[in-house]
Each structure stands twice: as C-alpha cells, then as structure tokens.
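**Student:** predicted model, plus sequence, below.
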Amino acid sequence: MIEIHGLSKTFTDRRGDTVTALDDARLDVAENEFLTLLGPSGCGKTTLLKCIAGLVPYDSGTIEIDGRPIQGPGPDRAMVFQNFALLPWASVVDNVAFGLRLRGVARAEREERARELVATMGLAGFEKKLPGELSGGMQQRVGIARALAVQPQVLLMDEPFGAVDEQTRRLLQEELLALWEEQRPTVVFVTHSMEEAVLLGDRVALMSARPGRVAELVPVDLPRPRARGGGPDRSGVYAELTAYLWDRLREMHEEHRTVRTGAPA
Ligand SMILES: Nc1ncnc2c1ncn2[C@@H]1O[C@H](COP(=O)(O)OP(=O)(O)OP(=O)(O)O)[C@@H](O)[C@H]1O
C-alpha cells in the first residue's frame, strides 16, 4: 500500500521564480490497485509520480510503501515514461534486461527473462534491434517489458501511451490490462484521457492545480477482466463516468481562468 500525506514540492526556475507543484497532497493507493491520475496540464501529476519513484526530492510530507518511507529509487518500484527513455545504443533485449543487470542478475538468467518478456509483448524476432529501428508503439512495449522485468511491487506510468497512435494505444491498453490481471502490481498511471482513466482504473484520482493536490477519488464500478475484448460497454456507466470527469475538469479549468484573469470564464 502507498500512503502519501501532506506532500509539498516547490520548484525554483532559472530566473528564481518559484512554482508550487504539490501543496499538502494526500493519496492512499491500495495493494494491487490500478489507480489512474487525471488532471489539468501542469497540476503536478508527473511531479507526484516522480516523488513516489524517488526521482524527485520533496519539501515536506511523507510517502510510505507498506509502512517504509521512500528514500530515493528502489527495486520495489519501476517507472514507464511517455518518451520511452530507452538506451539508444542497447538492443531490445539489453534494454529489457537493464534493470536486472543493475540488480546483479547473472547474464544468462537476465537474458532468458528478457527474451520471455519481449515475446509476451509481441516483439519476438526484434530482440537484436536498436530502439531507433522500432516504431513508437514497439518502443513503448520495450519500456513496459523493461519495467515489468524487475517484477516491481509498484508500477509507475507517466502517460505511457501519449506518444502513440490511437490504434496502438488501444492495443497497448489491452496488453497492459492483461499483464496487470496476471501479475497484479500496484499501478499509478498518469493520463490526460478521461476514457483511458476509466477504461483502466479501479479508481480515478482527480488532481487540481493550485493547489496541486488530489481533489477527488472517483471509483470505477466496471467489471473485470476488461482486457482483450472484455472491455466495458462504452455506454452506461462508462459514458456516465467519462462525462462526469469532463464536467469536473472543465470546472477546474474555469476556476483556473477566473483566478488568472479575475473574471469568470
Ligand atoms: N524541474 C522543474 N523546474 C521548474 N518547474 C517545474 C519542474 N518540473 C515541474 N515544474 C513545474 O511544476 C508544475 C507541475 O508540473 P508537472 O510536470 O508535475 O505537471 P503535470 O500535471 O504532469 O503536467 P502535464 O499534464 O502538462 O504533463 C508545473 O507548473 C511545472 O512548470
């Protein structure tokens, strides 16, 4: 279980101006939960994710995983980035095996595990290719395989399907759900898409900007499994939830505009 209390983070830019990205943010994520994180641009979603990953130090508050405070990156967590963040000079297999290598897993074993995952992600035959020789969707499959290779307890995903086309996005969503239903890591998944937030999540955490914190937790009462053709009927609950999320987001955008201009939107 991830427990976040009173988390605040301020950045100072090159000109010395300060931006409050997170302000007394609070969030609990249950063991094995798939939580999606949705909010206006710049509200602090990536910052929150990076704080959980231990990649960004925070000013105050606490983040605990199963009661252990986070002190930097750890083997219990893995992150998938929007721009894939693969090693450009390393083959597909070496990219997937990278985390295992850092953990001291012997070469033969890490290659075997990496090859299995590469095949699971539908990339058999591409083991020796370099990232630059793959499409965006294929590169993200490598990014997901790399994260899963270390069998993390917590999988942190920062808008992982934002840079791929709609068809590939749908396939990747289904593949991710199938893998999650098999392995059940705790997932925190940042997205800009209301549809994606509902399709994937057990709950949607709606974040507000100014203050940057979780404003509302919306349970997604849709049956699972939702992978591979078992996706929700896109009418009914699904349509109601996405419409509700858009109403809330539009309110947030309007509040932001009123604060900025002093006039109602
Ligand atoms: N390294 C940094 N230096 C200065 N300011 C930063 C830095 N990283 C983030 N910020 C600021 O913190 C705020 C939150 O940024 P963050 O990237 O977490 O938002 P986000 O919700 O993920 O945005 P988006 O949806 O557009 O990706 C923004 O105002 C951003 O400009």
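**Tutor:** Cool, got the structure.
**Student:** quick one: the helices in this structure?
**Tutor:** Secondary structure of the chain (DSSP state H): helices at 45-53, 92-102, 107-120, 136-149, 166-183, 194-200, 236-261.
**Student:** so which of these gets nearest the ligand?
**Tutor:** The closest approach between the ligand and any of the helices of the chain, judged by Cβ to the nearest ligand atom, belongs to helix 45-53 at 3.3 Å. Just so you know, the C-beta spots here come from the backbone N, C-alpha and C atoms, and that holds for glycine as well.
**Student:** other residues contacting the closest one?
**Tutor:** With Cβ atoms under 8 Å, 6 or more residues apart in numbering as the test, helix 45-53 has contacts from 2, 4, 7, 9, 21-22, 25, 27, 37-39, 56, 58, 63, 70, 73, 77, 79, 154, 156, 158, 188, 190, 207, 212.
**Student:** could you list which of the residues you listed also contact the ligand?
**Tutor:** 21, 39 (Cβ under 6 Å from any ligand atom).
**Student:** just the contacts of helix 45-53: which are in strands?
**Tutor:** Among the contacts of helix 45-53, DSSP state E puts 2, 4, 7, 9, 21-22, 25, 27, 37-38, 63, 77, 79, 154, 156, 158, 188, 190, 207 in strands.
**Student:** distance of the residue nearest to Gly44 when sequence neighbours are not counted relative to Asp94?
**Tutor:** Spatially, and ignoring its direct neighbours in sequence, Gly44 is nearest to Gly212 (3.4 Å; Cβ to Cβ, 6 or more residues apart in numbering). Going from Gly212 to Asp94 by Cβ to Cβ, to the nearest Å gives 37 Å.
**Student:** name the residue in the two with the higher neighbour count.
**Tutor:** Legend: neighbour count by other Cβ atoms under 10 Å for Gly212 and Asp94, higher for Gly212 (26 against 19).
**Student:** how about the contacts made by that one?
**Tutor:** By Cβ under 8 Å, 6+ apart, the neighbours of Gly212 are 20-23, 25, 43-44, 47-48.
**Student:** most surrounded residue in those residues?
**Tutor:** Comparing the contacts of Gly212 by number of neighbours (other Cβ under 10 Å), Leu48 comes first, having 30 neighbours.
**Student:** ok, back up a step: any chance of the contacts of Gly212 in CSV, with distance to Leu87 too?
**Tutor:** Shown next, in CSV, are these (distance: Cβ to Cβ, whole Å):
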residue, distance to Leu87
Thr20, 34
Ala21, 28
Leu22, 30
Asp23, 36
Ala25, 32
Cys43, 31
Gly44, 28
Thr47, 25
Leu48, 26
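**Student:** Leu55 contacts Ile70, doesn't it?
**Tutor:** No. Shown here, Leu55 and Ile70 do not form a contact pair, counting by Cβ atoms under 8 Å, at 10.3 Å.
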